[in-house]
Structure formats: structure tokens, C-alpha cells
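Participant: Okay, structure incoming, though there's no sequence with it:
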């Protein structure tokens, strides 16, 4: 037994006295360094943000997805470049967006953001641009405009089923329809059929409340928590699945199991890929002759990660755009103009026009672009890390190692480019500057890391808007601007069932 006053006792005694003050001094020194001597100290912004990353955590987690709006507030106060974290800068000049996310940009994705998706082996989350390009090359032919055009029957079939479900509700109930849920049900069924040849049949669930919709919603709400608190992510992901099979999560866990089972089967029995009704993502990913560099190995985990990112990207972004567009079109009283154009192009209800014909309709195209602008697609800040050599962005020399971003909402609400940006004005896209404006329409991002499913997204919007407005007169049931206020969970997330309304079938 060590005598009283021995070395161990002295260490404990002196440690108790000196360690807490030392820790306090360390953090005081760190804050002083960050605020006054850090390489980014010359850039304006709140001192709290310069001192600690908890500033961003507060708006992302505690305020539940309010960072994009806070960024807009900061730019009004501090100017075109804002320091919103110890090592983070945000830009507001639209030209900076293209410098950050351009095809030839040397800036890499910051894994801190993308690790929150637990999909590190997907092309979406890869930081290495060569690996991401290899994966993209393998899949790109499946998402080309020609490929999507050949699959337009699948899209039309699902939107026709949506119209059938709406008409059925109209004849059996006088209650308002959950329009936002109806649209999400459709896009979920489309993406699961297109990518996996396994529809979730969300449109068959009464009230448009399929468990998968609730499960995906719950998963999205965890993204900000996982981003800022990765320990919580590790704990949740290591939970035994039976303990998670309850409440809103159950539907998503069930889908995950189905996708994992499908992946395992195709790896074990590749010949089964020939039995799918159309090419799916695994036909490309497991094809040894697929075009493109295989910089990243195709493992079972990689296949599962690709499946999950395809699901979320394909279902939520299109659904939110249609929801926002539907609301804005009805609120602004422009439904009649779209219907008039659609009736001319589609005089007989039983003979629907092809996608290629819809793409030529000027007002429908303008409505879709304006819906994309106001919906914004991904609203989270897509952080990029500056290389060691540094970079010049918006005329400023940015030191290596800094993290930079520019949110789509900042681009889409720039008053110099989009005057009266808070108003739904489809004509801005049909005017003399309409083509130039497309440079600043970035809901699918830009550059080498642009969303792979952009052609699929546009096709769904053309077919979806045309089907809904040609077949129904739609009215809202008291939906307000507050109902349409989103939260940033990578994509805009609304309250469940936030948009309700009524439909009346058109006779001709």
C-alpha cells in the first residue's frame, strides 16, 4: 500500500489543482487564436461563430435546420463573404458558386458533412473526385436523357395511378386530400421501381401515409444530429435492428432489409439481373464491362450505400419541387394559364402526349424552372475543402485547409439575378434573359458532382405537372405560407401532411 503523500497521491492532488485551470486556459487561448490570429480572422462574421463550431450546431440542431436562413441574415449584416465557423466561409455572390462547384474546381467535398449519411461508399459521398467520377461513369448511361425517355412509360404509369387514387378519394370522401403525401408516395414508388424494380406501393396505402414515408422522414430528421454528434450516429447504427422496428422508423428499416436482401441475391446469383423488367442500378454496378474507371471497388456495402442515396435523392427532391410548385401556382392564380396550354397540347384525355412533346411547352417549362428555383432542391450547405495551395474565390485569396460553401437558397434569392425573388414569376424564364438565368438555377448543383438523376427529375416534373393539372382542377384547403416553411435536413423538410386540398376531375 502506498504511504500517504507518496508519488501517486501527489500526482492526483496536483492534477486536481492544475488540470482544470490548464484546460480552461487552453480553450481561452484557442478562442483568442481563432478570433484574432486564425488565417480567416480578416473575414467578417459573428465573433461567436469564429470562436466555436457550436454556433453552427445551434442553428442546425437546436433550432432544427435554420442555418440557411441565418446565413442570409449574416450576409445582410456582414457583406458578401461571411465567416460562420472557426474554419468556414460562406459566399453570396452568384459567381462564387461556380468557382466553388465548377467542373474544374480543385475543392473537395468535406467528409464532415457527408459522413452523416452513413453512405461513404456511394458516389454521392465520396470525397475523392476520381473515385466519384468512376462510379458516376458506370451509372450515367442509366440516367441519360435517352434512357429516361425510354422509361417514360414507368413514370406515366405511376402518375396515372396517382390520378386514379385522387379520383377515388374524390368520390368516396369529402375530406381534404393529403396532397403533399400523395406526391411523395408517387415519387417513392417511381424511384424504387426505376432503381430496384421493386415498387414500395406507397400509392396503395390509404391516406398516402405509407410507413416508408414516415421512416424516410424520421431518417432525414437525424441527419443534422449525426453531422454534429457522430458518436450518437455510431450508437444508433449499432443498435440491434429489432429494437428499432417500431414507430416511424419501422418502414425505413423494412425497406433497408429488402434492399440488402436484393443486393445479396444479385451478388450470389448474377443471372437474376437478366430477369428484371428493365435495367436497374445493379445491372450497371455489377457489369464488369461497364464504361468508366473502377477507382472505387463495388462491394456489397457500396451497393447498399448507392441504393440508399438513390432512394432519398430520387424521392424527396422531386416531391418537394412539385409540392412547392403546386402551392405557388395555385396561390398566384396561374393554374388557368397552365391548363390552357396543356389542353391545346393534350386535347383528348385518353391520348397523353409524350415527354418530348411536354418538354416543348413554354409555360409548363417555365413553371417547372420557377418551382425548382423556389424549392431549391438541396438547401444544406455543401461544404468544400480548399486545397493546401489555396484558392481564389470571389476575388479573395482563401488559405489552404479552409472550408467554403454557398447555399442554393442564396443563389436562388439573389435580387440582382431574380428580382422579386419571393414571388412566383414563371415569365422570368421565357423572357430574353431566360437562357442566361439557367446558369444560376442550381437545385441539382453544378459541375462534376452535379446530381446524377437530373434528367429523371425533370422528366417526373414534366409528366407529373401535366397529369395533375390536365386531369384535375385543384384547390387548396387553407394552406398558408407558414405551412410551407421548411427546415433544413439536407433537403427542405415540411411538417407531415402540410399541404391539403381538393381535386375536381376535368371532363375534357
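Facilitator: Good, I have the coordinates. From a predicted model like this one, the values you see are computed outputs, not experimental measurements.

Participant: count of neighbours near residue 197?
Facilitator: 19 (other CB atoms under 10 Å). Placement of C-beta: from N, CA and C, glycine included.

Participant: wait, what's in contact with it?
Facilitator: When the contact criterion is CB atoms under 8 Å, 6 or more residues apart in numbering, the partners of residue 197 are 276-278, 280.

Participant: Find the residue closest to it in space, skipping its chain neighbours.
Facilitator: In space, and not counting its chain neighbours, residue 197 is closest to residue 276: 4.5 Å by CB to CB, 6 or more residues apart in numbering.

Participant: Can you select the buried ones from the contacts of residue 197 in PyMOL?
Facilitator: Restricted to buried positions by 16 or more other CB atoms under 10 Å, the PyMOL selection for the contacts of residue 197 reads:
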select buried, resi 280
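
Participant: out of the contacts of residue 197, which one sits closest to residue 227?
Facilitator: residue 280 (30.2 Å; CB to CB).

Participant: From residue 141, how far off is the residue nearest to residue 197?
Facilitator: Distance, residue 276 to residue 141, using CB to CB, to the nearest Å: 16 Å.

Participant: One more: residue 319?
Facilitator: 25 Å.

Participant: Do a quick rundown of the strands in the stretch 1-150 of the chain.
Facilitator: Ranges of strands in the stretch 1-150 of the chain, per DSSP state E, counting those that start in this stretch, are 81-85, 88-91, 108-109.

Participant: can you list those strands in JSON lines and add mean neighbour count?
Facilitator: Below are those laid out as JSON lines (neighbours: other CB atoms under 10 Å):
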{"stretch": "strand 81-85", "mean neighbour count": "24"}
{"stretch": "strand 88-91", "mean neighbour count": "24"}
{"stretch": "strand 108-109", "mean neighbour count": "18"}
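
Participant: what would those strands look like in JSON lines with distance to residue 449 and mean pLDDT?
Facilitator: Below are those laid out as JSON lines (distance: least, CB to CB, whole Å; pLDDT from 0 to 100):
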{"stretch": "strand 81-85", "distance to residue 449": "21", "mean pLDDT": "98"}
{"stretch": "strand 88-91", "distance to residue 449": "17", "mean pLDDT": "98"}
{"stretch": "strand 108-109", "distance to residue 449": "7", "mean pLDDT": "92"}
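
Participant: circling back to that earlier point, do I have it right that the residue nearest to residue 197 meets residue 283?
Facilitator: Yes. Taking CB atoms under 8 Å as the definition, residue 276 is a contact partner of residue 283 at 7.1 Å.

Participant: quick revisit: minimum distance to residue 264: which of the strands of the stretch 1-150 of the chain has it?
Facilitator: Nearest to residue 264, of those and by CB to CB, is strand 108-109 at 28.9 Å.

Participant: elements contacting that closest one?
Facilitator: strand 384-385 (3 or more CB pairs under 8 Å, 6 or more residues apart in numbering; DSSP states H and E).

Participant: Just the buried positions in stretch 107-115, please.
Facilitator: Quick answer for stretch 107-115 (16+ other CB under 10 Å): 107-110, 113-115.

Participant: From start to finish, how long is that stretch in a straight line?
Facilitator: Stretch 107-115 has an end-to-end distance of 17 Å (criterion: CA to CA, to the nearest Å).

Participant: What number of residues are in the vicinity of residue 131?
Facilitator: 17.

Participant: distance of it from residue 139?
Facilitator: 13 Å.

Participant: Now do the shared contacts for these two.
Facilitator: residue 123.

Participant: Of residue 319 and residue 141, give the one with the bigger neighbour count.
Facilitator: The residue with more neighbours, out of residue 319 and residue 141, is residue 319; 27 against 14, by other CB under 10 Å.

Participant: Tell me which stretches of the stretch 251-400 of the chain form helices.
Facilitator: 281-285, 300-331, 335-345, 355-358, 362-375 (DSSP state H, counting those that start in this stretch).

Participant: Packing partners of the fourth one?
Facilitator: To tie it back to what came earlier, the one meant is helix 355-358. Taking 3+ CB pairs under 8 Å, 6+ apart as the contact cut, helix 355-358 packs with helix 145-150, helix 454-471.

Participant: average model confidence for the shortest one?
Facilitator: The average of the pLDDT scores along helix 145-150 is 96.

Participant: and if you look at the longest one?
Facilitator: Across helix 454-471, pLDDT averages out at 97.

Participant: That helix: what's the following helix or strand?
Facilitator: Next along the chain after helix 454-471, taking DSSP states H and E as the criterion, comes strand 472-476.

Participant: Now do that next one against helix 454-471, angle only.
Facilitator: Calculated by axes from the mean of the first three to the mean of the last three CA atoms, to 10 degrees, strand 472-476 forms an angle of 100 degrees with helix 454-471.

Participant: Could you spell out the sheet neighbours of the helix or strand just after strand 472-476, each with its direction?
Facilitator: Elements were assigned by DSSP H and E; along the chain past strand 472-476, the next helix or strand is strand 487-489. Partners of strand 487-489 in the sheet, by DSSP bridges, are strand 491-493 (antiparallel).

Participant: For the partner strand, which outside residues touch it?
Facilitator: 65, 217, 220-221, 312, 316-317, 320, 324, 375-380, 486-487.

Participant: what do you get for stretch 144-164?
Facilitator: 141, 182-183, 185-186, 189-190, 193-194, 203, 278, 352, 354-356, 455-456, 459-460, 463-464, 467-468, 471-472.

Participant: quick one on the thing from earlier: which among the contacts of strand 491-493 count as buried?
Facilitator: Buried among these by 16+ other CB under 10 Å: 65, 217, 220, 312, 316-317, 320, 324, 375-380, 486-487.

Participant: from those, which is closest to residue 412?
Facilitator: residue 376 (5.4 Å).

Participant: List the contacts of that closest one.
Facilitator: When contacts are counted by CB under 8 Å, 6+ apart, residue 376 touches 408-409, 412, 443, 492.

Participant: If we ignore the residues flanking it in sequence, what's nearest it?
Facilitator: Residue 376's closest residue in space is residue 408 (CB to CB, 6+ apart), at 4.6 Å.

Participant: Give me the distance between the one you found and residue 381.
Facilitator: 9 Å.

Participant: What of residue 366?
Facilitator: Taking CB to CB, one finds residue 366 at 28 Å from residue 381.

Participant: between these two, which one's more packed in?
Facilitator: residue 381 (27 against 21).

Participant: Touching, that one and residue 72? I think so.
Facilitator: No. Using CB under 8 Å, residue 381 is not in contact with residue 72; the gap is 11.9 Å.

Participant: what about the helices in the stretch 51-200 of the chain?
Facilitator: Going by DSSP H, counting those that start in this stretch, the stretch 51-200 of the chain shows helices at 54-57, 67-78, 94-101, 111-114, 129-140, 145-150, 152-172, 179-196.

Participant: now for these, which one comes closest to residue 436?
Facilitator: helix 94-101 (11.5 Å).

Participant: Which segments of this protein make up each domain?
Facilitator: 1-37, 93-505 (automatic domain parsing).

Participant: weakest of those domains in terms of mean pLDDT?
Facilitator: domain 1-37 (a mean of 69).
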